[in-house]
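Chemist: Pasting the sequence and the predicted model now:
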Amino acid sequence: MTCPAGFTLMPSGQAKSPPQRLLVTGGAGFIGSHTCLVLLEAGRELVVLDDFSNSCGESLRRVVELAGGDAAERLLVLEGDVREAKDLEQAFEAFGPGGSIEAVVHFAGLKAVGESVAEPLRYWDVNVGGTVRLLEAMAAHGCRTLVFSSSATVYGMPERVPIPETAPIQPINPYGQTKVAEEHLLADLRAADDGRGRSGWRLACLRYFNPVGAHPSGRIGEDPLGVPSNLFPLISQVALGRRDCLPVFGDDWPTADGTGERDFIHVMDLAEGHLAALDHLHQGEPQLLTLNLGSGQGHTVRQVVAAYEEASGQSVPVRVEARREGDAARSVADPDAAARSLGWCCRRGLVEMCRDSWHWQRQNPEGYRT
Ligand SMILES: NC(=O)c1ccc[n+]([C@@H]2O[C@H](COP(=O)([O-])OP(=O)(O)OC[C@H]3O[C@@H](n4cnc5c(N)ncnc54)[C@H](O)[C@@H]3O)[C@@H](O)[C@H]2O)c1
């Protein structure tokens, strides 16, 4: 895949040196661990704050192993909660005097739609409450650069695809509501006057579409606790023989083959998007940047199943069930704004997504507990 033309590149010689010391909240999780690897490979120093409620330290141990060299000296891991001021204080002080954190990448949060319907208070507390506490700590430490994990879920049932960032924001579940609330919070912060007419915050809301795949080594990947709710982990468990068949919710949608169509993005492309966003924020004026991170390509469930069967050499039987309430027929990003402003685009396609997911799952049938 190629980047659409028209993005801007910083002429060499004008670039400010990129932020070196970063706080990564939720860095042990699926997207966080792959992003930590990309950041370490780019020479950054990281402190990860994670409560391991949906991850384990093994992911970061493997990240260090993959990054090699002196990576172990450039990654500090703290077990703690983003809602706890004392844990945040420890994170901001982790590099000692003179070692201030220059930017934050904020992954920590809860992400299961069904769970958010059953436990809205917990979702608002962790997602919105956690972000408020984090921003307070950032302000107290003079750190005003943040890359935030938002989601395509803010678009709810999109009226048309591909979806630009200007599409209506209409979340249809508590998880989506928390992401919208966090986006509003960042907009308010950006607008707040610091007495000199500008707030000084550099903020990026990255709306991810459907992150899938794994690092090509198969050493790190997605390790959901309990029964997976996302397509790729379910397919991979069927391919492994741990589940009989894949439930497909509706085959009468207005798509090429009747099954739902989504924009899948390889997690390594997504991780690289965070590095691009951090460096872009650092170079530019204070701003709030809201961008879709997606491939711009839609694939139906049946197309994904066929590609996974090809990649794994295993058969993936499906069982068609009724449509689920709240599902959309199609959800595909318009990724042009990210290409224009970050000079970033997806480089990996469905074949790599399936190959790398299978590679991870086959080597780690029980995830990090293997
Ligand atoms: N995976 C997706 O499909 C997807 C799509 C869109 C947006 N997002 C968002 O991206 C972010 C990362 O998602 P992921 O897929 O890597 O999820 P993940 O669950 O694998 O990672 C989240 C990490 O945050 C940690 N965490 C949770 N609550 C915490 C707390 N209170 N304090 C400290 N750490 C805490 C978890 O232990 C975990 O390591 C989330 O904010 C999610 O909402 C994910």
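Modeler: Cool, got the structure. Numbering: from 1, shown residues only.

Chemist: roughly how far apart are the closest residue to Glu102 other than its chain neighbours and the ligand?
Modeler: In space, not counting the residues next to it along the chain, Glu102 is nearest to Pro19; the distance is 3.7 Å by Cβ to Cβ, 6 or more residues apart in numbering. (C-beta placed from N, C-alpha, C; glycine too.) With distances defined as Cβ to the nearest ligand atom, to the nearest Å, the gap from Pro19 to the ligand amounts to 20 Å.

Chemist: try Gly57
Modeler: 10 Å.

Chemist: Let's see the pLDDT reported for that residue.
Modeler: Gly57 is assigned a pLDDT of 96 by the prediction.

Chemist: and it, how many neighbours?
Modeler: Other residues lying near Gly57 total 14 when counted by other Cβ atoms under 10 Å.

Chemist: Give me every residue in the stretch 201-350 of the chain lying close to the ligand.
Modeler: Contact residues of the stretch 201-350 of the chain with respect to the ligand, defined by Cβ under 6 Å from any ligand atom, are listed as Tyr208, Pro211.

Chemist: Which single residue in the stretch 201-350 of the chain comes nearest to the ligand?
Modeler: In the stretch 201-350 of the chain, the residue that lies nearest the ligand is Tyr208 (3.8 Å; Cβ to the nearest ligand atom).

Chemist: In contact with that residue, which residues?
Modeler: Contact partners of Tyr208, counting by Cβ atoms under 8 Å, 6 or more residues apart in numbering, are Ile31, Ser149, Ser150, Ser151, Ala152, Ile265, Leu270, Leu293, Gly294.

Chemist: Who are the contact partners of the residue nearest to Glu102?
Modeler: Arg44, Glu102, Ala103, Thr145, Leu278, Asp279, His282 are the contacts of Pro19 under Cβ under 8 Å, 6+ apart.

Chemist: do Gly57 as well
Modeler: The contact partners of Gly57, by Cβ under 8 Å, 6+ apart, come to Ala28, Val77.

Chemist: sorry, back to before: tell me which two in the contacts of Pro19 are the farthest apart.
Modeler: Taking every pair in the contacts of Pro19 and measuring Cβ to Cβ, the maximum separation is 12.9 Å, between Arg44 and Thr145.

Chemist: what helices or strands is the helix or strand of the chain with the lowest mean pLDDT leaning on?
Modeler: The least trusted helix or strand in the chain, going by mean pLDDT, DSSP states H and E, turns out to be helix 113-118, with a mean of 94. Secondary-structure packing of helix 113-118 (3 or more Cβ pairs under 8 Å, 6 or more residues apart in numbering; DSSP states H and E): helix 174-191.

Chemist: what's the next secondary structure element after the helix it packs on?
Modeler: Downstream of helix 174-191, the next assigned helix or strand under DSSP states H and E is strand 202-208.
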